[in-house]
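Chemist: model the structure of this input:
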Amino acid sequence: MRLTSRAALAVAAILFAAPVLHAQASFNIAAGAALPVGNSSDAFKMGYNLTVGVGMKPPLAPLGFRIEGMLNQFDVKNTSSASARLLAGTANLTLSGAGMPIPMGYAIAGLGMYNASYSDFPIANPSSSTKLGFNVGAGINIPLTGFSTYLEARFHYVTKAEGATSALKFVPITFGLKF
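Modeler: Numbers count the residues shown, from 1 in each chain. Here you go, the predicted structure:
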């Protein structure tokens, strides 16, 4: 092979492989119901979840990374106006690929900081507290032209706040768009 043929072959290989090896960035927004579970369901009614995030995933790799911000709101049972608001920032790993039991499915898990505040809460000194928590869940991607949608459920566990009787546990079930 001549030098020019080898150079042309090398350039063609780089042009072909570069887009495949380049990590894909995404922006996601999601909304859905937030279901308190365990002891949390004794105190709170079903609420809502709003999520925004950014992600990175190399196309051929099974692991990806997603950073998200969340707003969850829960009304307190047996009162007319009391509610709890939960703001969170999480860093998550995603696992997807051929090993998943559902085509286009993925698993997600991560750590985060959760800030809970209460309005008209029926305790002596309502306040705000920030605690560490974790989440684990699964979802399914539905690719469309130019963007994709996803359906996801995750279990969130927020460590016990001072004055609380137990840790906060909830499961948001969300529908999202990924660009």
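
Chemist: stretch 24-41: how far from the chain's middle?
Modeler: Centre-to-centre, stretch 24-41 and its host chain are 7 Å apart (C-alpha atoms, centre = their mean, to the nearest Å).

Chemist: ok, and what's touching it?
Modeler: Here stretch 24-41 makes contact (C-beta atoms under 8 Å, 6 or more residues apart in numbering) with 43-59, 66, 68, 72-74, 150, 152, 155, 165-179. Quick note: C-beta positions are derived from backbone N, CA and C, even for glycine.

Chemist: any of the residues you listed buried? List them.
Modeler: Neighbour counting with 16 or more other C-beta atoms under 10 Å marks 43-44, 47, 49-51, 53, 55, 57, 66, 68, 72, 74, 150, 152, 155, 168-174, 176, 178 as buried within the contacts of stretch 24-41.

Chemist: in helices, which of these fall?
Modeler: residue 43 (DSSP state H).

Chemist: mind listing the residues bridging to the residue nearest the centre of the chain?
Modeler: For the chain, residue 68 is the residue whose C-alpha lies nearest the centre (C-alpha atoms, centre = their mean; 5.9 Å). The bridge-partner assignment for residue 68, based on DSSP bridges, gives residue 53, residue 90.

Chemist: ok, it touching residue 52?
Modeler: Yes: counting by C-beta atoms under 8 Å, residue 68 does reach residue 52; the two are 6.8 Å apart.

Chemist: low-confidence ranges, the protein, go.
Modeler: 1-5, 7-23, 98-99, 120-126, 162-164 (pLDDT under 70).

Chemist: please redo it, this time with the cut-off set to 90
Modeler: For the chain, applying pLDDT under 90 flags the ranges 1-24, 43, 58-62, 76-84, 97-104, 117-129, 145-146, 160-166.

Chemist: where do the strands sit along it?
Modeler: 24-36, 47-57, 63-75, 83-96, 105-119, 128-143, 148-158, 168-178 (DSSP state E).

Chemist: got a markdown table for those, with distance to residue 6 too?
Modeler: Shown next, in a markdown table, are these (distance: least, C-beta to C-beta, whole Å):
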| stretch | distance to residue 6 |
| --- | --- |
| strand 24-36 | 31 |
| strand 47-57 | 33 |
| strand 63-75 | 35 |
| strand 83-96 | 37 |
| strand 105-119 | 41 |
| strand 128-143 | 37 |
| strand 148-158 | 39 |
| strand 168-178 | 41 |
